[in-house]
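Q: Provide a 3D model corresponding to the input given below.
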Amino acid sequence: MKTSNKLLLTLALLVLGVFGVVHLTLYARLKAGHIVSVHSEAGWLPIYKGKAPRLVVLEGDINVKVIPSDSFLIQIQEDAHGKVSCRLMEDSLIVRGDSLLVINPHGVFQQYSDRPWITVHAPPHTDIRLNGVLAFLQGSRQPGKLNLQVQATYSQLWLGETYGAGGTDYLNQYYDHVQVQAENCKLVLHQNAMIHKLTVRLDELSEINDQITTIDSINIQHTPHSRINLTGANLDKLIKTGQ
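A: Have a look, this model is predicted:
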């Protein structure tokens, strides 16, 4: 074997070895609890706990997960401490990242991966306003309990949560009535979302992406430039209203 080929082979084996060591180290840290995912209970700090406000405003360079709850609580990841502010103004609570830099909401969700996560545990009738965020609105485990009213601007908004081709492997999330007013937003309806009634108002820059969601009734107010991607089954239930 030529010397150059031996060097290339040695370099390739070295790269594979380093990759394997890094992978095993990350796996060990994850198992030991030193790496925290958005689904983990460890590694979170409460920044507000108390009376539920009428309106929650979530804006800036943060990712948000809203979880139905009987009590009101907001948590942030430990490493986001000092990067997120929380301020109560009369009947509104404003949670803001330290930058208002806006990401194009119509791209892939991975573009938000560097942002800190916020979890909002809120009663089912809390109004929500989003500005420049990726937001997961988690459904209830039982039907007929969750009503959401959301005003979203420059945001990517999920109902349900699935990844890859295994949509049926996730537990169903139930929504009784969801009302969304969208300005330059992407609304993603995941396969495990079970929605009784969906009412949406889209401006000319907003879109809906239906990933085989189960919906009983849909009402969409739209402009000529709004983008509506629905399955045939949900298209049959659609009531369209032009702006």
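Q: all contacts plus neighbour counts: C-alpha atoms, from now on.
A: Will do.
Q: And the helices in the chain, which stretches?
A: Applying DSSP state H to the chain gives helices spanning 3-32, 232-235.
Q: quick one, what contacts the residue sitting nearest the centre point of the chain?
A: Nearest to the mean C-alpha position of the chain, counting by Cα atoms, centre = their mean, stands Phe136 at 2.7 Å. By Cα atoms under 8 Å, 6 or more residues apart in numbering, the contact set of Phe136 is 64-66, 157-161.
Q: and with 6 Å instead?
A: Applying Cα atoms under 6 Å, 6 or more residues apart in numbering to Phe136 gives the contacts 65, 158.
Q: And for Arg87?
A: The contact partners of Arg87, taken as Cα under 6 Å, 6+ apart, are 93-94.
Q: What separation do you get for it and Asn219?
A: Arg87 is 34 Å from Asn219, where distance means Cα to Cα, to the nearest Å.
Q: What of Ala182?
A: Here Ala182 is placed at a distance of 14 Å from Asn219 (Cα to Cα).
Q: the more surrounded of those two?
A: A count of neighbours by other Cα atoms under 10 Å puts Ala182 above the other of Ala182 and Asn219, at 27 against 16.
Q: give me every residue that touches the more buried one.
A: Per Cα under 6 Å, 6+ apart, neighbours of Ala182: 152, 202.
Q: what's across from it in the sheet?
A: Note on Ala182: beta-bridge partners by DSSP bridges are Ala152, Leu202.
Q: care to break this protein down by domain?
A: Segmentation of the chain into domains, based on automatic domain parsing, reads 1-35, 45-242.
Q: I'd like the mean pLDDT over the last one, please.
A: The predicted model gives domain 45-242 an average pLDDT of 92.
Q: Pretty sure Leu187 sits against Leu159.
A: No. Leu187 lies out of contact with Leu159 (Cα atoms under 6 Å); the separation is 7.8 Å.
Q: Give the full set of residues in contact with the spatially closest residue to Ser92 that is not a sequence neighbour.
A: Spatially, and ignoring its direct neighbours in sequence, Ser92 is nearest to Leu55 (4.7 Å; Cα to Cα, 6 or more residues apart in numbering). Residues in contact with Leu55 (Cα under 6 Å, 6+ apart) are 92, 127-128.
Q: lowest-confidence stretch among the helices of the chain?
A: Looking at the helices of the chain, the weakest mean confidence is helix 3-32, a mean of 46.
Q: Report the buried residues of stretch 104-124.
A: Buried residues in stretch 104-124, counted by 16 or more other Cα atoms under 10 Å: 104-106, 112, 115-124.
Q: so which of the domains of the chain is the most packed in?
A: domain 45-242 (a mean of 18; mean count of other Cα atoms under 10 Å).
Q: Surely Leu134 is in contact with Leu159?
A: No. Taking contacts as Cα under 6 Å, Leu134 lies outside contact range of Leu159: 11.5 Å.
Q: list residues touching both of those two?
A: Joint contacts of Leu134 and Leu159 (Cα under 6 Å, 6+ apart) do not exist.
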